[in-house]
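**Q** following is a predicted model, sequence given first.
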Amino acid sequence: MATKKLRELAYARSGDKGDVCNVGLLALSDEAYEIIEREVTPERVKAHFGDMVKGDVEIYPLPKVNALEIVLRNALGGGATRTLLFDQTGKSMSTALLRMEVPVSE
């Protein structure tokens, strides 16, 4: 089975709420949404980020807009006012997620 990086299937935007990073993943088409809804799971996202995300990963499908809302808990080293991380507000997390590969049928 072939794979594609999420950047070939979707746009993404991320931000912070304290120590929680939220990523909006917006599919480029109906077909792309079917793939990301099926293949982008909390387990895969957690594995993709490794030690960067210390808490749970939650995913909320938004089918009417072909999007997923992905919540990364304990991902920002305590939040913008506490962390020593370079990216205190999680803005680069969306770009990092778009590097994730998912299986696609050929």
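**A** Received it, and whenever you're ready, just let me know what you need.

**Q** from here on, contacts and neighbour counts on C-alpha atoms
**A** OK.

**Q** return the list of strands paired to the strand or helix carrying residue 3, each annotated with direction.
**A** Under the criterion DSSP states H and E, the helix or strand holding residue 3 is strand 2-5. As defined by DSSP bridges, the strand partners of strand 2-5 come to strand 101-104 (antiparallel).

**Q** in the strand it pairs with, what's buried?
**A** The neighbour-count check on strand 101-104 (16 or more other CA atoms under 10 Å) flags 101, 102 as buried.

**Q** quick check: mean pLDDT across that strand?
**A** Mean per-residue pLDDT for strand 101-104: 94.

**Q** one more: stretch 56-66?
**A** In this model, stretch 56-66 has a mean pLDDT of 97.

**Q** what comes into contact with that stretch?
**A** 26-27, 29-30, 33, 37, 41-43, 45-46, 67-74 (CA atoms under 8 Å, 6 or more residues apart in numbering).

**Q** the protein: strands as residue ranges?
**A** 2-5, 10-17, 20-27, 57-62, 67-72, 101-104 (DSSP state E).

**Q** the ones you listed: which one's closest to residue 93?
**A** Nearest to residue 93, of all the strands of the chain, is strand 10-17, at 6.3 Å by CA to CA.

**Q** which secondary structure elements does that closest one contact?
**A** Secondary-structure packing of strand 10-17 (3 or more CA pairs under 8 Å, 6 or more residues apart in numbering; DSSP states H and E): strand 20-27, helix 93-97.

**Q** so residue 54 is in contact with residue 74, correct?
**A** Yes - Residue 54 lies in contact with residue 74 (CA atoms under 8 Å); the separation is 5.3 Å.

**Q** who's more crowded, the two?
**A** residue 74 (18 against 15; other CA atoms under 10 Å).

**Q** how far away is the closest residue to that one other than its chain neighbours from residue 17?
**A** Of all residues not flanking residue 74 in the chain, residue 55 sits nearest, at 4.8 Å (CA to CA, 6 or more residues apart in numbering). Residue 55 sits 14 Å away from residue 17 when distances are taken as CA to CA, to the nearest Å.
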